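K.L.:
Show me how the following folds:
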Amino acid sequence: MNKFKLNYLTDTVKRFVFWNTLIFLAILIFFNVFLFILISYVLNENIDIRLKHEIERVISTIDVTDSLVVVKNFSELNEIDFQEVTETPYFLQIYSPDGKVLLSSRNLQFYKDIPIETSVESDDFSFKNLKAEDDKLRVSYLEIKNEAGKTSAIIQLSTFKKQFESITDKLIQFNLFSIPATILIVVLASLFLAKKSFSPINKIISIADKISAGSLNERIEFKARSEDELGRLRDTLNNLFERLETHIDQLSRFTDHASHQLMNPLTAVKTELEYILKRERTESEYKETLNTLLKQSDNMINIVKTLLIISKKEKGSESSKQIFNLTNLIVDKIQPEFSGYNIRYSLKEEVYIKGDSEKFTIALLNVIDNAVKYSENQPVTVELSINNDWGMLSVTDLGIGIPDQEKKKVFERFYRTEQSERLGIKGYGLGLSLVHAIVDEAGGRILISDNTPKGTIVTIKIPYINLT
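P.N.:
Prediction:
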């Protein structure tokens, strides 16, 4: 295993930091915009209340007739905010609808001209923002009506918005200093969080990296609940390693068994060839050798063909859509193959199933051949029936039987029972593995049970197709 230095600033960490910073910056900008709008609203509302209050007080001290303003009480207009340009002055102008100024506060002579508005389209107080050179003003208007309901004059009252500008300037200055510092803090915090968040994952990766094909029995040990993301990652990887270990073990055993089983006929072929080539032989001896070679070649072809069928099944090849008559298949293809054996048949007519008829023929030949081989010339019964939606094919023998602990193992490739090995019964250990693959591909099941008082019952359940 190649060792490498872990680069902490990986692309994933960089993306994590980038998005954290970007999202936080967007939230910060949104908050500042919201704060700016809120401050603007509150300050304008506060100024508007002051302007409205002052206009009401001014109205109480004057009388307005057509093109004439009479001041009844100068106490209000003599206040310093009307006389001078203070921090919070009031600039008053009362003018006729045609724009003629009827009355103005004294402090306007020390200040710039403030444009007047003759088209005030409101019966109540109206407010707007104006700019007089470099100063921002908040202005309020109110129309004064005569008894006939006609506008006789318009009151305009203005004041500075310096308080608003001061607050916004301070807010901008604060952001100019705080945002870079905040971004730096967020970046550092994101790096810290990334380190803390990815540390368990890096630990799992480090443990997983130590597990190789030669040490697949090792597992990731990491404390985390199964429903937690890290716990699920741990369990998923452990399950993956377990499956890999199982498949590699099966592949290793398959390679050993396949090599062994193919070696026997290959050795026999080599022996025959060496024997026949030692000297000149008669024609009958050559024929005998060729027959031996043909038989061993058939054995190798059968082994390879069986392995190919099993391999295709494990790779998930599509099952055949063919519907065939299982009863006729047994009568036409199976019975002739075992015509010389003591086999009893009990077949229900017109049993249709879906699958590959050629593969199913191979499966039945293997099951019945096993029954004949292990029954020691005792009768074998082949029964075909229908049970609900299932076609039921059972092959019953009176042979040596299969121990309970080996009933599942016989479906493994190249597995042979201890009794068959001890009795010297020839075989490759592929028959039932092949049968299981074919039946499973057709959507069926295969079961092995004991026959009483002795022997074995192999039952194949296959989905029944009702064509009536």
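K.L.:
what bridges to L393?
P.N.:
Applying DSSP bridges to L393 gives these bridge partners: L384, I460.
K.L.:
can you check V70 too?
P.N.:
According to DSSP bridges, D63 are recorded as the beta-bridge partners of V70.
K.L.:
Check whether it really touches D63, as I assumed.
P.N.:
Yes: proximity of V70 to D63 meets the contact threshold set by CB atoms under 8 Å, at 4.4 Å. (Glycine included, C-beta is placed from N, CA and C.)
K.L.:
Spell out, range by range, the helices that occur in this protein.
P.N.:
Along the chain, the segments classed as helices by DSSP state H run 11-59, 80-83, 162-210, 229-277, 283-314, 326-329, 335-337, 357-374, 418-423, 431-441.
K.L.:
pull the helix or strand with minimum mean pLDDT from the chain.
P.N.:
One helix or strand of the chain scores below all others by mean pLDDT, DSSP states H and E: helix 418-423, with a mean of 52.
K.L.:
what's the pLDDT at the closest residue to K72 other than its chain neighbours?
P.N.:
Closest residue to K72 in three dimensions, ignoring its sequence neighbours and counting by CB to CB, 6 or more residues apart in numbering: T61, at 5.5 Å. Predicted confidence (pLDDT) at T61: the value is 88.
K.L.:
What about T61, how many residues nearby?
P.N.:
One way to gauge burial is a neighbour count; for T61, by other CB atoms under 10 Å, it gives 14.
K.L.:
Kindly report the same for the one 10 residues further on.
P.N.:
Here the count is done by other CB under 10 Å, and V71 has 12 residues near it.
K.L.:
my read: it touches L103, true?
P.N.:
Yes: if you go by CB under 8 Å, V71 and L103 touch, sitting 7.4 Å apart.
K.L.:
overlap in contacts of those two?
P.N.:
I62 (CB atoms under 8 Å, 6 or more residues apart in numbering).
K.L.:
wait, F222 sits on L237?
P.N.:
No: when contacts are counted by CB under 8 Å, F222 is not listed as touching L237 (9.7 Å).
K.L.:
Find the residue at the geometric middle of this protein.
P.N.:
E229 (12.3 Å; CA atoms, centre = their mean).
K.L.:
So, low pLDDT: which residues of the stretch 251-400 of the chain?
P.N.:
Filtered on pLDDT under 70, the stretch 251-400 of the chain yields the residue ranges 251-264, 299, 302-321.
K.L.:
Quickly note the distance from I144 to I116.
P.N.:
When distance is defined by CB to CB, to the nearest Å, I144 is 14 Å away from I116.
K.L.:
again with P97
P.N.:
When P97 is compared with I116 (using CB to CB), they lie 11 Å apart.
K.L.:
Now list whatever residues contact both of these two.
P.N.:
With CB under 8 Å, 6+ apart applied, the overlap between the contact sets of P97 and I116 consists of I154.
K.L.:
Could you tell me how many residues sit around the closest residue to L365 other than its chain neighbours?
P.N.:
In space, and not counting its chain neighbours, L365 is closest to E337: 6.2 Å by CB to CB, 6+ apart. Neighbourhood size, E337 [other CB under 10 Å]: 13.
K.L.:
E337 against L364, yeah?
P.N.:
No: using CB under 8 Å, E337 is not in contact with L364, being 9.2 Å away.
K.L.:
joint contacts of the two?
P.N.:
What both E337 and L364 touch, as defined by CB under 8 Å, 6+ apart, is an empty set.
K.L.:
neighbours around D134, how many?
P.N.:
Residues within reach of D134, counting by other CB under 10 Å, total 6.
K.L.:
From Y111, how far out is it?
P.N.:
In this structure, D134 and Y111 are 12 Å apart, going by CB to CB.
K.L.:
Please apply the same query to F18.
P.N.:
Here the criterion is CB to CB. By it, F18 lies 52 Å from Y111.
K.L.:
Neighbour count: the two, which is higher?
P.N.:
Between F18 and Y111, Y111 has the larger neighbour count (other CB under 10 Å), namely 16 against 12.
K.L.:
Quick check: phi and psi at that one.
P.N.:
When read as degrees, to the nearest 10, the backbone of Y111 gives phi -130, psi 180.
K.L.:
Contacts only, for it.
P.N.:
For Y111, counting by CB under 8 Å, 6+ apart, the contacting residues are V85, P89, F91, A132.
K.L.:
Buried ones among the residues you listed?
P.N.:
When neighbours are counted using 16 or more other CB atoms under 10 Å, the contacts of Y111 contain these buried positions: P89, F91, A132.
K.L.:
re earlier: which members of the contacts of Y111 are positioned in strands?
P.N.:
F91, A132 (DSSP state E).
K.L.:
With distance to V269 and pLDDT added, can I get the contacts of Y111 in TSV?
P.N.:
Rendered in TSV, the data for the contacts of Y111 read as follows (distance: CB to CB, whole Å; pLDDT from 0 to 100):
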residue	distance to V269	pLDDT
V85	120	88
P89	119	91
F91	119	92
A132	113	80
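K.L.:
how near is the residue nearest to F16 when sequence neighbours are not counted to D11?
P.N.:
Leaving aside its chain neighbours, F16 sits nearest to A194 (4.9 Å; criterion: CB to CB, 6+ apart). Plainly put, A194 is 12 Å away from D11 if you go by CB to CB.
K.L.:
same check, this time on N466
P.N.:
Using CB to CB, we find N466 at a distance of 60 Å from D11.
K.L.:
For burial, what's the neighbour tally of I183?
P.N.:
14.
K.L.:
Then Y90?
P.N.:
Applying other CB under 10 Å, we find 24 other residues in the vicinity of Y90.
K.L.:
do L329 as well
P.N.:
Neighbour count for L329, taken as other CB under 10 Å: 17.
K.L.:
how about it, what does it touch?
P.N.:
With contact set as CB under 8 Å, 6+ apart, L329 has these partners: S357, F360, T361, L364.
K.L.:
do that again at 6 Å, thanks
P.N.:
When contacts are counted by CB atoms under 6 Å, 6 or more residues apart in numbering, L329 is found next to S357.
K.L.:
The one 5 residues further on too?
P.N.:
Contacts for I334 were tallied using CB under 6 Å, 6+ apart; they are L364.
K.L.:
Return the distance of it relative to N217.
P.N.:
The spacing between I334 and N217, counted by CB to CB, is 45 Å.
K.L.:
same question, D298
P.N.:
Distance, D298 to N217, using CB to CB: 40 Å.
K.L.:
for I446, same thing?
P.N.:
Distance, I446 to N217, by CB to CB: 31 Å.
K.L.:
Who has more neighbours out of the two?
P.N.:
For I446 versus N217, neighbours defined as other CB under 10 Å are more numerous around I446 (19 against 10).
K.L.:
so that one makes contact with A437?
P.N.:
No: with contacts counted by CB atoms under 6 Å, I446 stays clear of A437, the gap being 10.0 Å.
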